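> I would like the atomic coordinates for the input below:
(one chain, ligands or ions: 1)
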Amino acid sequence: MSSPLIIALDHASLDAALPLVDQLDPQRCRLKVGKELFVRSGPQVLDALHRRGFEVFLDLKFHDIPNTVAAAVHAAADHGVWMVNVHASGGRHMMQAARDVLVRNSLPTHLIAVTVLTSMDDETLAETGVTRSAGKQALALAGLARESGMAGVVCSAREAGAVAAQCGQDFLRVTPGIRPAFARRDDQHRVMTPGEAMQAGSTHLVIGRPVTRADDPMAALVAIEQELLE
Ligand SMILES: O=c1ccn([C@@H]2O[C@H](COP(=O)(O)O)[C@@H](O)[C@H]2O)c(=O)[nH]1
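Presented below is the predicted three-dimensional model:
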């Protein structure tokens, strides 16, 4: 599957997501299941998407002590998901424990780490006690994630080029905060259009509301695919 597109299914239930899912083609995108859908519908949502042929990114952003995160990552990987994530700010030992459990059990799930949420800017980051810029913090956490054995990071597309230069081209740059020209910014701050994001060095684009909340979701998706071909 060569498409970089990951559609975020931020729906209240599997039933609410299925009308869109059943129009999508597993050859043209992957799907992301986040906190709302997973907490409401449970692991059976993963089985339902897998049965339809989709690769699934389970975006639960684990952040806890190493033992707890490793066990949660193990459970996620046992469901056969393509990708799962933790927060890089959980630190080296937490990330290594999560990586080690996948290696020990020969589980092929990609494990990546969230750097700085794309909804944050320098000001909101400073309120958490981090005084360097969001870009610099994302790059620092990407370096730590690389050293801790992660397969890549979640960052904004604005940082993707610098992450690739620092961590290598094979280190995944999964970028939410993607906003086509036709879409609203919503609560996202560090944004780029799909075309800009690929040019900037993203390996995967996470797109939710610009597609899922569009009047015609399939037309929005086709417009994004067209932009990527230009
Ligand atoms: O830094 C991050 C990490 C994760 N997300 C998730 O991606 C999607 C984006 O949805 P949009 O509707 O396109 O804004 C959403 O599920 C977030 O939980 C992120 O936005 N930023």
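
> and the gap between Gly161 and His11?
32 Å (CB to CB, to the nearest Å). C-beta: built from backbone N, CA, C; applies to glycine.

> pick out whichever of those two has more residues nearby.
Each of Gly161 and His11 has its neighbours counted (other CB atoms under 10 Å); His11 has more, 22 against 14.

> now the more buried one: how far from the ligand?
10 Å (CB to the nearest ligand atom, to the nearest Å).

> not counting its neighbours along the chain, what's nearest the residue in the chain positioned nearest to the ligand?
Of all residues in the chain, the one sitting closest to the ligand is Gly208 (2.6 Å; CB to the nearest ligand atom). Excluding the flanking residues, the one nearest Gly208 by CB to CB, 6 or more residues apart in numbering is Ala8, at 3.3 Å.

> now do the buried residues in the strand or helix carrying that neighbour.
Taking DSSP states H and E as the definition, one finds Ala8 inside strand 5-9. Within strand 5-9, the residues scored as buried using 16 or more other CB atoms under 10 Å are 5-9.

> can you check stretch 173-182 too?
173-180.

> for the closest residue to Gly195 other than its chain neighbours, what are phi and psi?
The shortest distance from Gly195 to any non-neighbouring residue, by CB to CB, 6+ apart, is to Glu227 (4.8 Å). Dihedral angles phi and psi of Glu227 (degrees, to the nearest 10) take the values phi -60, psi -40.

> I figured Glu227 hits Ala197, correct?
No. Judged on CB atoms under 8 Å, Glu227 makes no contact with Ala197 at a distance of 10.1 Å.

> quick one on the thing from earlier: among the buried residues of strand 5-9, which are in reach of the ligand?
Ala8 (CB under 6 Å from any ligand atom).

> for this structure, what lies in contact range of the ligand?
So the chain meets the ligand at 8, 10, 34, 114, 117-118, 154, 176-177, 186, 188, 206-210 (CB under 6 Å from any ligand atom).

> can you rerun that using 5 Å?
8, 10, 34, 117-118, 154, 176, 206, 208-209 (CB under 5 Å from any ligand atom).

> which one of the residues you listed has the most neighbours?
Val154 (31 neighbours).

> distance check, it against Cys29.
On the measure of CB to CB, Val154 and Cys29 end up 17 Å apart.

> cool, and Ala12?
21 Å.

> the more surrounded of those two?
More crowded of Ala12 and Cys29, by other CB under 10 Å: Cys29, with 22 against 11.
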